[in-house]
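Trainee: show me the folded form of this:
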Amino acid sequence: MGRFFRAVRLPFLCLLCLAIAAIACLYPVFGVEQKETESERAGILRVWQIDSFEGGRGSRALFLNSVARIYENKSNMFVLITTHTPESAANAVAEGQLPDVISYGPGLEFIADIARPLPGYTFDAGKLGGETFAYPWCRGSYFLLTGEGDFSDVTPQNTVFSIGRGASVTVAAAVEGYAGTYAAEPSVQAYVDLIGGKYRYMIGTQRDVWRLRTRAYTFSARPLTAFSDLFQYVSVCAEDGGQYSAALEFVEVLLSKEVQESVTSIGMLSIDYTIYTGDEIFMAAERESPRSTVSAFLTLSARRELEQLAEETLNGDKSSAKKLKNCLL
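Mentor: Have a look, this model is predicted:
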């Protein structure tokens with residue numbers, strides 16, 4: 001046995017040396033290939049998400065993360081999703097930081113200065129100078145809700161406005177044709193008072209629909225279709241040619257049928273596709289698009305003016321009603 005090991009030791013050592021030499025020669029090749037692959041994926045697409053109004057359910061930022069994974073599988077870019085408040089986004093832009101893509105609602109006037117054209121898309125509220133710079137990737141709706149009514153006896157005495165973050169419930173009610181002095185309460189208090197019987201009706205948003213469902217409350221809801229500003233827009237801000245093209249490709253994925261059909265997961269609506277089945281409330285909301293809205297680039301001062309005009313309209317001021325109508329698209 002000893003003679004056998006001595007006999008095969010020298011050939012084995014020779015083969016081992018040859019194997020080590022081969023690996024040493026091939027390692028630089030494999031290393032270059034790995035670096036080249038990493039380089040190909042080194043591009044970063046920066047996407048900002050701003051919740052300027054209450055959504056439906058779940059997180060729009062997490063939804064965009066899922067879209068990012070779809071996009072990354074089709075491109076050579078990594079996507080970095082950053083969540084901002086309207087204030088932090090404005091501060092970042094003022095400091096010279098710009099995203100490649102930004103998702104937001106009306107009222108962020110600084111976006112008009114950084115948005116770039118979206119060729120192939122048309123949406124009147126997203127236009128500047130006749131060209132589209134913003135397009136909605138999902139939308140909400142205003143609703144009249146009740147636990148026991150038939151919508152035939154709505155009065156200022158039995159109805160409360162649910163005032164959620166970023167929602168213009170007063171404007172929606174005024175444009176819909178309601179009149180009178182209505183109670184207005186923060187959203188949580190409003191739905192608690194509706195459930196408790198203090199009010200028979202509540203005017204709120206899609207977020208209120210999901211709140212009531214979470215509470216297992218039996219209710220009916222009718223969409224208000226005269227006005228809505230509950231649009232989540234997407235704009236491209238990239239200036240570099242390659243980044244701009246990549247940003248447009250991300251928008252294309254976001255607005256694709258595959259992705260749009262999944263916005264039901266966050267309780268929102270699509271403007272291009274019918275996506276709800278078996279959900280009468282949201283099916284009713286998607287059957288008729290809002291007849292009027294505001295610019296995607298609405299300023300905060302203009303929003304405050306709209307709210308004031310809406311209050312005056314509800315109280316019977318015909319001049320304000322006319323001005324309010326003229327402010328809408």
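
Trainee: okay, Arg222: pLDDT?
Mentor: Looking at Arg222, its pLDDT is 97.

Trainee: which residues does it contact?
Mentor: In this structure, Arg222 makes contact with 143-145, 151, 284, judged by CB atoms under 8 Å, 6 or more residues apart in numbering. Where you see a C-beta, it was placed from the backbone N, CA and C, and this is true even at glycine.

Trainee: just send those residues back as CSV, with distance to Leu298 and pLDDT too.
Mentor: Putting the contacts of Arg222 into CSV (distance: CB to CB, whole Å; pLDDT from 0 to 100) gives the following:
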residue, distance to Leu298, pLDDT
Phe143, 22, 98
Leu144, 24, 98
Leu145, 26, 98
Phe151, 30, 95
Ala284, 27, 97
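
Trainee: of the residues you listed, grab the buried ones for ChimeraX.
Mentor: In ChimeraX syntax, the buried subset of those is picked out as below (16 or more other CB atoms under 10 Å):
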select :143,144,145,284
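
Trainee: go through the contacts of Arg222 and say which is closest to Glu239.
Mentor: Glu239 has its nearest neighbour among those in Phe143, at 40.4 Å by CB to CB.

Trainee: which SS class is the residue lying closest to the closest one once chain neighbours are set aside?
Mentor: Nearest non-adjacent residue to Phe143, counting by CB to CB, 6 or more residues apart in numbering: Ala221, 4.5 Å away. Classification of Ala221 using DSSP: H, G, I helix; E, B strand; the rest coil returns strand.

Trainee: Ala221: neighbour count?
Mentor: As a burial measure, Ala221 scores 21 neighbours (other CB atoms under 10 Å).

Trainee: and for Leu300?
Mentor: 12.

Trainee: what score does it have for pLDDT?
Mentor: pLDDT, Leu300: 87.

Trainee: for the closest residue to it other than its chain neighbours, what are its contacts?
Mentor: Counting by CB to CB, 6+ apart, the nearest residue to Leu300 once its immediate chain neighbours are dropped is Gly107, at 5.8 Å. Neighbouring residues of Gly107 by CB under 8 Å, 6+ apart: 52, 86, 166, 298-300, 303.

Trainee: for the residues you listed, which two are the farthest from each other?
Mentor: Farthest pair in these, by CB to CB: Gly166 and Thr299, 14.4 Å.

Trainee: neighbour-wise, which of the two wins?
Mentor: Ranked by neighbour count (other CB under 10 Å), Gly166 and Thr299 place Gly166 first, with 18 against 15.

Trainee: pretty sure the more buried one sits in a helix.
Mentor: No - with three-state DSSP as the criterion, Gly166 is located in coil rather than a helix.

Trainee: ok, back up a step: from Phe297, how far off is the residue nearest to Leu300?
Mentor: Distance from Gly107 to Phe297, counting by CB to CB, to the nearest Å: 9 Å.

Trainee: got it, and Thr85?
Mentor: 18 Å.

Trainee: settle it for me: which of those two has more neighbours?
Mentor: Phe297 (24 against 11).

Trainee: so what does that one look like in phi/psi?
Mentor: phi -110, psi 30 (degrees, to the nearest 10).

Trainee: ok, back up a step: any chance of the contacts of Gly107 in a markdown table, plus secondary structure and distance to Ser289?
Mentor: Formatted as a markdown table, those follow (DSSP: H, G, I helix; E, B strand; the rest coil; distance: CB to CB, whole Å):
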| residue | secondary structure | distance to Ser289 |
| --- | --- | --- |
| Ser52 | coil | 20 |
| Pro86 | helix | 26 |
| Gly166 | coil | 20 |
| Leu298 | coil | 18 |
| Thr299 | coil | 24 |
| Leu300 | helix | 25 |
| Arg303 | helix | 21 |
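
Trainee: contacts for stretch 118-129 next, please.
Mentor: 112, 115, 132-136, 231, 233, 235-236, 248, 251, 255, 271, 293-297, 329.

Trainee: distance from the chain centre to stretch 59-67, please.
Mentor: 9 Å (CA atoms, centre = their mean, to the nearest Å).

Trainee: and the residue nearest to Arg116 when sequence neighbours are not counted, how many neighbours?
Mentor: Once flanking residues are discounted, Arg116 sits nearest to Val236: 5.0 Å by CB to CB, 6+ apart. When neighbours are counted by other CB under 10 Å, Val236 registers 26.

Trainee: now Val236: how far from Ser295?
Mentor: 18 Å.

Trainee: equivalent analysis for Phe231, please.
Mentor: 10 Å.

Trainee: what sits in contact with each of the two?
Mentor: 106, 125.

Trainee: those two: which has the busier surroundings?
Mentor: Phe231 (25 against 21).

Trainee: can you name the element that comes right after the helix or strand bottoming out on mean pLDDT in the chain?
Mentor: When each helix and strand of the chain is scored by mean pLDDT, DSSP states H and E, helix 2-40 comes last, with a mean of 41. Later in the chain than helix 2-40, the nearest helix or strand by DSSP states H and E is strand 43-50.

Trainee: which other residues reach that following strand?
Mentor: In contact with strand 43-50 (CB under 8 Å, 6+ apart) are residues 60-61, 64, 68, 71, 76-86, 89, 99-105, 108, 242-243, 246-247, 250.

Trainee: can I get the buried part of these as one ChimeraX selection?
Mentor: Of the contacts of strand 43-50, the buried ones go into a single ChimeraX selection, burial set by 16+ other CB under 10 Å:
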select :60,61,64,68,71,77,79,81,82,83,84,86,89,99,100,101,102,103,104,105,108,243,246,247,250
